[in-house]
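[1] turn this into a structure:
(chains A and B)
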There are 2 protein chains.
Amino acid sequence: MSRIFNFSAGPAVLPVEVLEEAQKELLEYQATGMSILEMSHRSKPFEQINNEAQADIKELLGLGEDYCVLFMGGGASLQFSAVPMNFLEPGKIAAYAVTGSFSDKALKEAKKVGETAIVFSSKEAKYNRVPKPEEITLPANCAYLHITGNNTIEGTEFFEYPNTGEVPLIADLSSDILSRPIDANKFTLIYAGAQKNIGPAGVVVVIARKDFIKGRSKDLPEMLNYETMMDNESLYNTPPAYAIYIVGKVVKWIKAQGGLKAMEERNRAKAKLIYDVIDANPDFYKGYADVDSRSLMNVTFGLVNEDLEKKFAEEAEQAGLSGLKGHRSVGGMRASIYNAMPFEGCQALANFMLEFKEKNK
Amino acid sequence: MSRIFNFSAGPAVLPVEVLEEAQKELLEYQATGMSILEMSHRSKPFEQINNEAQADIKELLGLGEDYCVLFMGGGASLQFSAVPMNFLEPGKIAAYAVTGSFSDKALKEAKKVGETAIVFSSKEAKYNRVPKPEEITLPANCAYLHITGNNTIEGTEFFEYPNTGEVPLIADLSSDILSRPIDANKFTLIYAGAQKNIGPAGVVVVIARKDFIKGRSKDLPEMLNYETMMDNESLYNTPPAYAIYIVGKVVKWIKAQGGLKAMEERNRAKAKLIYDVIDANPDFYKGYADVDSRSLMNVTFGLVNEDLEKKFAEEAEQAGLSGLKGHRSVGGMRASIYNAMPFEGCQALANFMLEFKEKNK
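    Residues are numbered from 1 along each chain as shown, chains lettered A, B, ... in the order given. As a prediction, this is how the structure comes out:
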């Protein structure tokens, strides 16, 4: 087997140790006589997987009994709807900081449900930055503030979260969850598609204050009702069991690496390798995001023209650096370097960038 | 490895050949340098997996260009809501045949959306049968008739589907899809959670007439809008890629077994082994379902008392026959013998039943 460096934005690289474990267990999980793929979600072994994954996520984030962890299907895009359907009541206004294509989609879904306010938008600057806390003023009767913690397509990330006081702070952390320590208690609800930092596609992790979820609308589709999910410990119906199993393994891997502090050190060092090349070669590489907003997860940059960008992507692919083509809405290049991307992958990319410049400047 | 016979109702046994292939490919799929678990849903290899799985399902069901196959997250329980949200317009009535716990749940979700009519219910007889076609009369202004093709918990199954004329027929075939040939063109929309006959938990297969889906409400959450899913070939957002990959393999396995006709022969022979023991020993075993409605997928039966049922389940488990305890709402035993349950598994269960009777009569 020759594994390449996979810079895809998601689904994305997973720790090879996790994949090796999953491979070993694929035909039979712990002397149960069956694969996890075949195992009842009501069985004791799966119950343990489910409970441990929840507990490990709470432990990593430093959250206590007042928070619950839910595993849901449908992707973060379904959460775009579930959030306003649960929490945007008539007479209230949902505030959205629009910092990228995905927050814009989240806003569009909220508009279908009730009144919204855009409290920040970097749309005119093609989403090249996130706001500073003092740039955000919330409306009266604010149901919640929704932010997108990391903007996968544009390569920007919040490092200082807005202060919302009594107003619930809700965040889509799909592309930077568990990549560094955060003050998770600041958030009322966090959701994250697993397929970037913590698992495969097919499951969304929802982390929420129990008292916030409790007693909301009973008229919602049960599958979008957070209270139903909470009361049934994500087993109201058959959950995406295999994806939860892999998330459980990734979360244990993060713990074994030293937890979120160690992840942050590693992730900062990895991102620095690439940003340093960009900054040292401004005549050839151009960073997309404002320096203050630069994501540690998705490094976006352009070259001097589109032909060269095409050539870069092709030659990188041949050199075993895969998935570097930027999203069509932004163009250029994007290196997604989530938790599981090894330091060596970023080193290889930085070297490739320098060599490519030498050959093509 | 010692695989046991897994009679769980879902997630359920998968073909061992499929698991072996998945195991081989887990670290690297076809010289791509990465696992399917890590692969972009926009990549060529995944596109091929997605397209082939759709085409194979249509081929097995004998469906043409006027039908589409979608892969969605959230489980069949989310479809309970999606169906009325897409197709139950004001002024119309959605008809439900209530033949089990799951059709009752589907009805409850429809009631949240609009007007409904119960056109058949076997609730008072504890859902021991499904209706004959002539028992169903549809209301005027009927939006659609919804049926549950196989009732997993109660062990009943439709072998003759209602004639609905111009009224769309919608079916939850979660627990008997691709288990035998059906006249699929009779259905306007079919949905099925994969975790019984065709894959792992985490993906729902939706098969629908394109013209039925087209032009419905634009105000729905995008993730519940079938038209959005159809227009984006199930790639509006990141789909449950690994579950789709396994479904693709299971569907190819069904084709290799000889298709639906071969599956039916095998499934009838398997079910007969167990039903024959029940029928030959009415003093000891009692079938739950009406004989005419007996499911080929879930064989439900009781013993003379609860103590004996408990003993049966325990001793069966020790003999490598797992997951036989019936659903709590029905009690007794349930042997789920989907496509991937080998003939030998049913033989082993039939023998165990005879021996158990000898020892305990």
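
[2] what is the end-to-end distance of stretch A:295-307?
    End-to-end distance of stretch A:295-307 (C-alpha to C-alpha, to the nearest Å): 26 Å.

[3] any residue of it up close to chain B?
    No: applying C-beta under 8 Å from any C-beta of the partner chain, one finds stretch A:295-307 separated from chain B by no less than 13.7 Å. C-beta here means a position set from N, CA and C on the backbone, and glycine is covered the same way.

[4] buried stuff in that stretch?
    A:295-303 (16 or more other C-beta atoms under 10 Å in any protein chain shown).

[5] ok, now how distant is A:M353 from chain B?
    According to C-beta to the nearest C-beta, to the nearest Å, A:M353 and chain B sit 20 Å apart.

[6] contacting residues for that residue?
    Contacts for A:M353 were tallied using C-beta atoms under 8 Å, 6 or more residues apart in numbering or on different chains; they are A:274, A:277-278, A:281, A:285.

[7] now the closest residue in space to A:G332 that isn't next to it in sequence: how far from chain B?
    Distances taken as C-beta to C-beta, 6 or more residues apart in numbering or on different chains put A:G302 closest to A:G332, at 3.5 Å, once the chain neighbours are dropped. Look at A:G302 and chain B: by C-beta to the nearest C-beta, they are 20 Å apart.

[8] re earlier: list only buried entries from the contacts of A:M353.
    If we count by 16+ other C-beta under 10 Å, the contacts of A:M353 have these buried: A:274, A:277-278, A:285.

[9] closest to chain B among the contacts of A:M353?
    A:I274 (19.6 Å; C-beta to the nearest C-beta).

[10] skipping its backbone neighbours, what lies nearest the closest one in space?
    Going by C-beta to C-beta, 6+ apart, A:I274 has A:V299 as its nearest residue, at 4.8 Å.

[11] now do the contacts for the one you found.
    A:155, A:271, A:274-275, A:278, A:334-335, A:337.

[12] would you confirm that the residue nearest to A:G332 contacts A:A313?
    No: with contacts defined as C-beta atoms under 8 Å, A:G302 does not count as touching A:A313, sitting 11.8 Å away.

[13] centre of the chain to the biggest helix by length in chain A, how far?
    Taking DSSP state H as the criterion, chain A has its longest helix at helix A:259-280. Offset of helix A:259-280 from its chain centre (C-alpha atoms, centre = their mean, to the nearest Å): 17 Å.

[14] so what does the helix or strand that that helix is followed by touch, helix or strand wise?
    Counting by DSSP states H and E, the next helix or strand C-terminal to helix A:259-280 is strand A:286-287. Using 3 or more C-beta pairs under 8 Å, 6 or more residues apart in numbering or on different chains; DSSP states H and E, the elements in contact with strand A:286-287 are helix A:259-280, strand A:298-302.

[15] who touches strand A:286-287?
    A:275, A:278-279, A:294, A:300-304, A:332.

[16] next one: that strand to chain centre, how far?
    23 Å.

[17] also stretch A:14-32?
    Put simply, stretch A:14-32 sits 24 Å off its chain's centre (C-alpha atoms, centre = their mean).

[18] quick one, what contacts the residue nearest to A:G332?
    With C-beta under 8 Å, 6+ apart, A:G302 has these contacts: A:285-286, A:288, A:309, A:326, A:331-333.

[19] ok, which pair from those residues is furthest apart?
    A:Y285 and A:G331 (13.7 Å; C-beta to C-beta).

[20] dump the residue contacts of A:L349.
    A:L349 touches A:5, A:7, A:273-274, A:316, A:321, A:324, A:335, counting by C-beta under 8 Å, 6+ apart.

[21] helix or strand: which one has it?
    Assigned by DSSP H and E, A:L349 falls in helix A:343-360.

[22] tell me the angle that helix makes with strand A:298-302.
    For helix A:343-360 against strand A:298-302, the angle by axes from the mean of the first three to the mean of the last three C-alpha atoms, to 10 degrees is 0 degrees.

[23] how near is the residue nearest to A:I274 to B:G33?
    According to C-beta to C-beta, to the nearest Å, A:V299 and B:G33 sit 21 Å apart.

[24] which residues touch A:P15?
    By C-beta under 8 Å, 6+ apart, the neighbours of A:P15 are A:250, A:253, A:339-340.

[25] could you export those as a markdown table, including secondary structure and neighbour count?
    Below are these laid out as a markdown table (DSSP: H, G, I helix; E, B strand; the rest coil; neighbours: other C-beta atoms under 10 Å in any protein chain shown):
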| residue | secondary structure | neighbour count |
| --- | --- | --- |
| A:V250 | helix | 23 |
| A:W253 | helix | 18 |
| A:N339 | coil | 26 |
| A:A340 | coil | 23 |
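
[26] related to what we said a few turns ago, so which bits of the longest helix of chain A are buried?
    The neighbour-count check on helix A:259-280 (16+ other C-beta under 10 Å) flags A:260, A:263-264, A:266-267, A:270-271, A:273-275, A:277-278 as buried.

[27] can you list the residues you listed in JSON lines and add pLDDT?
    JSON lines is the format used below for these (pLDDT from 0 to 100):
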{"residue": "A:L260", "pLDDT": "98"}
{"residue": "A:M263", "pLDDT": "98"}
{"residue": "A:E264", "pLDDT": "98"}
{"residue": "A:R266", "pLDDT": "98"}
{"residue": "A:N267", "pLDDT": "98"}
{"residue": "A:K270", "pLDDT": "98"}
{"residue": "A:A271", "pLDDT": "98"}
{"residue": "A:L273", "pLDDT": "98"}
{"residue": "A:I274", "pLDDT": "98"}
{"residue": "A:Y275", "pLDDT": "98"}
{"residue": "A:V277", "pLDDT": "98"}
{"residue": "A:I278", "pLDDT": "98"}
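
[28] and A:A53, what helix or strand is that in?
    Here A:A53 is assigned to helix A:44-61, by DSSP H and E.

[29] can you pull out the strands in chain A?
    A:5-6, A:67-72, A:93-98, A:115-121, A:142-148, A:150-151, A:156-157, A:169-172, A:189-193, A:204-209, A:286-287, A:298-302, A:321-322, A:333-336 (DSSP state E).

[30] is any residue of the last one near chain B?
    No: applying C-beta under 8 Å from any C-beta, one finds strand A:333-336 separated from chain B by no less than 9.9 Å.

[31] buried residues, stretch A:94-108. List them.
    Neighbour-count burial for stretch A:94-108 [16+ other C-beta under 10 Å]: A:94-107.
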